[in-house]
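just to be clear, the model below is a prediction. Sequence and coordinates:
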Amino acid sequence: MSFRIREYHPADTDAVLELWNTATSDGFEPVYGLAEVLASCQKDHAVLAISDDRVVGAAVARAAHEQGWIVFFNTLPEYRRQGIGSSLLSALEARMAPLGLTKLSILVPESQDESGVLDRAGFVDKNHLSYFERKIPISEKERSILGELGGRVLPRDLWSGIAGMQKEKEMLERRLVLPLSDPALAEKFGVEPPRSIVLFGPPGTGKTTFAKAVASRLDWPFVEVFPARLAADQKGLAGALRDSFTRISDLDNVVVFIDEVEEIAAQRGGEPPTALQGVTNELLKLIPLFRERPGRLLIVATNFIRALDDAFLRHGRFDYVIPIGLPDKTARESIWHRYIPPGSLESVDVTELVKRTDGFSPADIEFAARKAAQKALESAVYDDGVSVPTGPTTEDYLWAIGDTRMTVSGEMVGAFLEDIDALARL
Ligand SMILES: Nc1ncnc2c1ncn2[C@@H]1O[C@H](COP(=O)(O)OP(=O)(O)O)[C@@H](O)[C@H]1O
Ligand SMILES: [Mg+2]
């Protein structure tokens, strides 16, 4: 069988596509995607093998400084073992070497045995390498939408930064993260991934923290919507809220967060209706629309779930209504560990601190810990008689605990437990 090698022309796109399809038909996931390969055909360097007027092989590469990368290399199966591959590689090298390249590299999947042809073309197998890749979670266009909405991609480690709260974490991991991060698996089991949820519980228990951590865990951008603030918008608040949600719908994946939703979604019915009631009505209309598309999650948080409008929690609007309560002993211990500097952990009686902070929220513990740290720092620097500055002591912490007012009263805890009975949906 005779063949010749020539350069790529724009009219060859379909032929390259066919070669691409045969190369990837067995489920192999290539390092360079089709868009990358076609871009390199047009802008970089591509040579084709032609036999009987048919494109039967291609080699495509790009130069990155002194190193060239072959982004696609394939010959139709029935044309292999005739030297086409080696001819393509030498033609490519001949075209690219004058650019000042010192190296030409290619990544080959384990399953694909190209060692013969590559060896003949002078390539050395560096098989002790592993290949890693990370998908950049948002595109250029999405980045600008996010900018407009005041949203952002959060740091990767917020989830692991949540101390204690194992029960809540496990619950969110199973109900939200699992189906949302692997929708194909969820579908196999007939599980519909959640689209919107409510987090409720006393102030300072970590609702906002959890909402952000879920976004971070999913690697989805995080957009907080402030309906009450939209009230100031010239277009009218309902219109402004609608606009925000329209912009949001241009994002492939996103966690949308509305905090302290009771501010706007409190029981309606006052006469005359307030501006905020208009926002509530709009939000009630927007949630079902938001739920129509997968890959997005709306989280609303409230300290006073019983104040919410009945229509708000009606079935069909939220998949889960999840309580986030005060930390138990184990959780408090982890939270203390999180806030005591590592150098002082050994000398501080954490068990005592845990005992003395029954009823404290994570926010209260954080507050007390910071207060103790500040006091210890000040006395180490300004007080007489302190020779070697060490970290905060048990006494510093106990003093700070005594000086911190618990945010959540017994009454609030009682109400929260009632709310769990009446309204939680897990
Ligand atoms: N599990 C936790 N571990 C460590 N710090 C926490 C935890 N939960 C909350 N915090 C801290 O407590 C403060 C209040 O938490 P936040 O999420 O705003 O509570 P909420 O939204 O329920 O009122 C934040 O500064 C947060 O960093
Ligand atoms: Mg909050």
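Arrived safely, thanks for sending. Ligands and ions are numbered 1, 2, ... in the order given.

surely Ala59 is within a strand?
Yes: under DSSP: H, G, I helix; E, B strand; the rest coil, Ala59 falls within a strand.

what's the closest non-adjacent residue to it?
The shortest distance from Ala59 to any non-neighbouring residue, by C-beta to C-beta, 6 or more residues apart in numbering, is to Leu88 (4.0 Å). Any C-beta I mention is one placed from the backbone N, CA and C, and that applies to glycine too.

check Ile335 too.
Of all residues not flanking Ile335 in the chain, Ala163 sits nearest, at 4.4 Å (C-beta to C-beta, 6+ apart).

one step back: looks like the residue nearest to Ala59 contacts Val55 (just checking).
No: contact criterion C-beta atoms under 8 Å: Leu88 and Val55 do not qualify, at 11.2 Å.

what do these two both touch?
Counting by C-beta atoms under 8 Å, 6 or more residues apart in numbering, the residues touching both Leu88 and Val55 are Leu48, Ala49.

more neighbours: which of the two?
More crowded of Leu88 and Val55, by other C-beta atoms under 10 Å: Leu88, with 26 against 18.

what's whatever helix or strand the more buried one lives in in contact with?
Assigning secondary structure by DSSP states H and E places Leu88 in helix 84-96. Helix 84-96 is contacted by residues 3, 5, 45, 47-49, 51, 56-59, 61, 63, 68, 70, 73, 75, 104, 114, 117-118, 120-121, 123 when judged by C-beta under 8 Å, 6+ apart.

and Leu107, backbone torsions?
phi -100, psi 130 (degrees, to the nearest 10).

how much space between it and Gln67?
Computed as C-beta to C-beta, to the nearest Å, the Leu107 to Gln67 distance reads 13 Å.

how far does the helix or strand hosting Thr208 sit from the chain's center?
Under the criterion of DSSP H and E, Thr208 resides in helix 207-218. Centroid separation between helix 207-218 and its chain, computed with C-alpha atoms, centre = their mean, to the nearest Å, is 9 Å.

other residues contacting it?
By C-beta under 8 Å, 6+ apart, helix 207-218 touches 154-159, 161-162, 165, 168, 172-173, 176-177, 180-181, 199-201, 221-222, 253, 255, 257, 259, 297, 299, 301, 324, 362.

go again with 6 Å.
Contact with helix 207-218 is made by 154, 158-159, 162, 176-177, 180-181, 199, 222, 255, 257, 259, 299, 301, 324, as judged by C-beta atoms under 6 Å, 6 or more residues apart in numbering.

and what of stretch 404-415?
With C-beta under 6 Å, 6+ apart as the test, stretch 404-415 has contacts from Pro202, Pro203, Gly204, Gly359, Phe360, Ser361, Asp364, Phe367, Ala368.

now the strands for this protein?
Along the chain, counting by DSSP state E, strands occupy 4-7, 45-51, 54-64, 67-75, 103-106, 196-200, 222-224, 254-258, 296-302, 320-323.

mind listing what's buried along the first one?
Within strand 4-7, the residues that qualify as buried are Ile5, counting by 16 or more other C-beta atoms under 10 Å.

with stretch 97-116 instead?
Of all the residues in stretch 97-116, those buried under the rule 16+ other C-beta under 10 Å are Leu101, Leu104, Ile106, Val108, Glu114.

quick one, which of these has the minimum pLDDT?
When the buried residues of stretch 97-116 are compared by pLDDT, Glu114 scores lowest at 74.

how far away is the residue nearest to Gln67 when sequence neighbours are not counted from Asn253?
Once flanking residues are discounted, Gln67 sits nearest to Lys103: 4.7 Å by C-beta to C-beta, 6+ apart. Using C-beta to C-beta, one gets 37 Å for the distance from Lys103 to Asn253.

which residues of the stretch 251-400 of the chain fall in helices?
All helices of the stretch 251-400 of the chain, identified by DSSP state H, counting those that start in this stretch, fall at 262-265, 275-291, 329-339, 342-345, 350-356, 362-382, 394-402.

out of those helices, which one sits most buried?
Of all the helices of the stretch 251-400 of the chain, helix 262-265 has the most neighbours on average by mean count of other C-beta atoms under 10 Å, namely a mean of 22.

name the residues that touch it?
Pro227, Ala228, Leu276, Val279, Thr280, Thr302, Phe304, Ala307, Leu308, Asp309, Phe312.

that older thread, between which two of the contacts of helix 207-218 is the distance greatest?
Spanning the widest gap among these are Ser181 and Asp259, at 23.6 Å by C-beta to C-beta.

neighbour count: those two, which is higher?
The neighbour comparison of Ser181 against Asp259 (other C-beta under 10 Å) goes to Asp259, with 19 against 15.

mind checking how far the closest residue to the more buried one other than its chain neighbours is from His337?
Sequence neighbours aside, Ala301 is the residue nearest to Asp259 in space, at 5.1 Å (criterion: C-beta to C-beta, 6+ apart). Separation of Ala301 from His337 (C-beta to C-beta): 26 Å.

so which residues on the stretch 1-150 of the chain come close to ligand 1?
Residues of the stretch 1-150 of the chain lying close to ligand 1 (C-beta under 6 Å from any ligand atom): none.

would you confirm that Val37 contacts Phe73?
No: in this structure, Val37 is not within contact of Phe73 by C-beta atoms under 6 Å, at 10.1 Å.

before we move on, the earlier item: confidence score at the residue nearest to Gln67?
We have a pLDDT of 93 for Lys103.

likewise for His128?
On the pLDDT scale, His128 gets 81.

give the burial count for it, as a bare number.
Counted with other C-beta under 10 Å, the neighbours of His128 add up to 5.

same deal with Phe360?
So Phe360, with other C-beta under 10 Å, has 25 neighbours.

with Pro327 instead?
29.

kindly report the same for Phe73.
With other C-beta under 10 Å as criterion, Phe73 counts 23.

list the contacts for it?
For Phe73, the contact set (C-beta under 6 Å, 6+ apart) comprises Ala59.

re the thing from before, contacts only, for the residue nearest to Ile335.
By C-beta under 6 Å, 6+ apart, Ala163 lies in contact with Ser334, Ile335, Arg338.

which non-adjacent residue is nearest Gly164?
Residue nearest to Gly164 in three dimensions, not counting chain neighbours: Ala331, with 2.9 Å by C-beta to C-beta, 6+ apart.
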